[in-house]
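Peer 1: what's the 3D shape of this:
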Amino acid sequence: MKLGLIGLGRIGAFHAETLAALDTVDELVVTDAVPAVTERVADRVGATPAGSPADVLAAGVDGVLVAAPTALHAELTLAGVDAGVPVFCEKPLAPTPAEAERVAAAVTAAGVPVQVGFPRRFDPAFRAARAAVEKGELGKLRTVRSTTLDPAPPPASYLAGSGGIFHDCAVHDFDAVRWVTGREVVEVYATGSLGGGDPDAFAAAGDVDTAATVLTFDDGTLGLVSNTRFNGRGYDVRLEVHGVADSVAAGLDDGLPLRNTHPGATFPAGPPHTFFMDRLATAFRAELAAFVDVVAGRAAVPCTVDDAVAVAWIAEAATRSLHTGRPVRIAEIREPATVGD
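Peer 2: The predicted structure is shown next:
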């Protein structure tokens with residue numbers, strides 16, 4: 001199989017190494033906006049360098065991965081779709097939910113497979129939690145809690161175009177709780193604060209460095225999502241699902257970046273996870289292997305454009321709630337945006 005990869009920043013270069021190690025990938029064609037980066041990554045992983053995204057698509061690839069900056073996701077995804085090539089697009093599908101709606105409509109009309117990157121769906125513990133819910137082992141769900149605590153914030157230049165903590169960070173939690181519970185979010189209440197590092201960088205982007213979000217699902221289940229850009233002990237990704245019959249948790253391995261103060265406790269044994277690339281390494285490999293199966297026609301898309309649209313609206317509702325100080329219903333912001341599309 002011959003795959004293309006567009007964008008070789010932090011996550012793109014990481015994907016290049018993962019793809020190059022897959023037995024099912026015979027050739028990898030890569031490109032980046034910076035030619036020197038293209039050459040460096042191509043040399044490191046044994047890939048074929050290309051001069052532009054158009055050159056990648058013209059190279060006869062069977063599928064293409066989009067890991068370019070967010071502003072280019074929609075354009076590059078649709079270019080792949082127009083070429084009839086299955087696409088893996090890193091989140092988000094587009095910079096705004098309304099634009100994501102339009103991209104999703106075009107993808108659906110074309111009938112070309114497009115997978116969106118939400119790696120927690122491929123984490124073994126998260127998958128086990130979903131399976132427990134699907135089997136009814138927990139009984140009726142009452143609460144779900146999801147956590148993403150980053151050890152340090154991204155650069156100010158990244159923050160300016162990130163869309164804010166809900167679209168950039170919490171969106172992974174929003175996807176995880178929606179996927180694991182199998183329910184839709186109908187109302188969002190969010191709050192946030194500034195206080196870590198350089199607050200001016202976040203304020204300039206209209207953002208916060210720490211946030212909490214309460215989600216109400218369509219069956220009455222309540223969700224709580226917590227996020228921060230400043231967690232000195234490491235990279236913390238966890239999920240808890242509580243039902244009337246049982247409760248489960250994902251992310252409680254020995255790399256959990258928490259110091260247990262219970263006398264005599266030895267868990268977690270450490271060392272703590274330091275970033276998403278070590279915490280979710282297994283999930284990333286499984287995610288890209290799943291895309292290979294999609295390209296080969298062996299599997300359906302595991303995370304669709306419709307999934308990406310749904311969580312984009314949750315993130316948008318959280319952003320609006322943060323700035324208005326009130327709960328925001330998904331219907332009140334989504335319906336006006338889709339009228340006439």
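Peer 1: next helix or strand past the host helix or strand of Leu28?
Peer 2: Element membership for Leu28, per DSSP states H and E: strand 27-31. Taking DSSP H and E as the definition, the helix or strand that follows strand 27-31 towards the C-terminus is helix 35-45.
Peer 1: ok, the next helix or strand after that next one: who's next to it in the sheet?
Peer 2: Tracing the chain C-terminally past helix 35-45 and defining elements by DSSP H and E, one meets strand 48-49 next. Strand 48-49 has the following sheet partners, assigned by DSSP bridges: strand 27-31 (parallel).
Peer 1: got the angle between the partner strand and helix 35-45?
Peer 2: In terms of direction (axes from the mean of the first three to the mean of the last three CA atoms, to 10 degrees), strand 27-31 departs from helix 35-45 by 160 degrees.
Peer 1: now do strand 27-31: distance to the chain's middle.
Peer 2: 23 Å (CA atoms, centre = their mean, to the nearest Å).
Peer 1: ok, residues contacting that strand?
Peer 2: Residues external to strand 27-31 that are found in contact with it (CB atoms under 8 Å, 6 or more residues apart in numbering): 2-8, 16, 19-20, 38, 41-42, 45-53, 55-56, 59, 61. Bear in mind the C-beta positions are built from the backbone N, C-alpha and C, glycine included.
Peer 1: could you do stretch 325-334 as well?
Peer 2: Surrounding stretch 325-334, the residues in contact under the criterion CB under 8 Å, 6+ apart are 97, 184-189, 191, 313-314, 316-318, 320-321.
Peer 1: cool, and stretch 116-132?
Peer 2: Contact with stretch 116-132 is made by 88-91, 93, 138, 172, 175-176, 179-180, 182, 237, 239, 241, 246, 248-253, 280, 282-284, 286-287, 290, 302-305, 307-308, 311, as judged by CB under 8 Å, 6+ apart.
Peer 1: select only the buried ones of those residues in PyMOL?
Peer 2: Of those, the buried ones can be selected in PyMOL as follows, counting by 16 or more other CB atoms under 10 Å:
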select buried, resi 88+89+90+91+93+138+172+175+176+179+180+237+239+241+248+250+251+280+283+284+286+287+290+302+303+304+305+307+308+311
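Peer 1: which of the contacts of stretch 116-132 fall in strands?
Peer 2: Restricting those to those inside strands, with DSSP state E as the criterion, leaves Phe88, Cys89, Glu90, Val237, Leu239, Val241, Val248, Ala249, Ala250.
Peer 1: in a markdown table, list the residues you listed along with pLDDT and distance to Pro69.
Peer 2: Formatted as a markdown table, the entries for these read as follows, by pLDDT from 0 to 100; distance: CB to CB, whole Å:
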| residue | pLDDT | distance to Pro69 |
| --- | --- | --- |
| Phe88 | 98 | 16 |
| Cys89 | 98 | 12 |
| Glu90 | 97 | 10 |
| Val237 | 98 | 23 |
| Leu239 | 98 | 29 |
| Val241 | 98 | 34 |
| Val248 | 98 | 36 |
| Ala249 | 98 | 35 |
| Ala250 | 98 | 30 |
